[in-house]
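In: the sequence and its predicted three-dimensional model are supplied below.
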Amino acid sequence: MSAEAFVMMATVWVVSLIAVVPVFIIEGREERKLEQEQADKKKSHHSRER
């Protein structure tokens, strides 16, 4: 494997990581928001029953 090919592979890896990491972070935030909203709904539902 030549040095040029190795550099190309490394570049592709870095670019893909930079592209994927923000997506994971955004999805994680969205899931947390949904979980909080569901928890809030459960809380308000319990308070209504009382």
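Out: Ah, there it is. Numbering: from 1, shown residues only.
In: in this protein, where is pLDDT below threshold?
Out: 45-50 (pLDDT under 70).
In: all strands of it, in order?
Out: In the chain, no strands are defined using DSSP state E.
In: most centrally placed residue in the chain?
Out: Phe24 (2.4 Å; Cα atoms, centre = their mean).
In: show me how far stretch 4-14 is from its chain's centre.
Out: Distance of stretch 4-14 from the chain centroid (Cα atoms, centre = their mean, to the nearest Å) equals 25 Å.
In: and it, C-alpha only, in PDB?
Out: Output of stretch 4-14 as PDB, limited to C-alpha atoms (Å, rounded to 0.1, in the frame of the first residue of the first chain):
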ATOM      1  CA  GLU A   4      -0.500   8.300  -1.300                       C
ATOM      2  CA  ALA A   5      -3.200   5.600  -0.900                       C
ATOM      3  CA  PHE A   6      -2.800   5.700   2.800                       C
ATOM      4  CA  VAL A   7      -3.200   9.500   2.900                       C
ATOM      5  CA  MET A   8      -6.300   9.200   0.700                       C
ATOM      6  CA  MET A   9      -7.800   6.600   3.100                       C
ATOM      7  CA  ALA A  10      -7.000   8.700   6.100                       C
ATOM      8  CA  THR A  11      -8.600  11.700   4.500                       C
ATOM      9  CA  VAL A  12     -11.800   9.800   3.700                       C
ATOM     10  CA  TRP A  13     -11.900   8.500   7.300                       C
ATOM     11  CA  VAL A  14     -11.500  12.000   8.800                       C
END
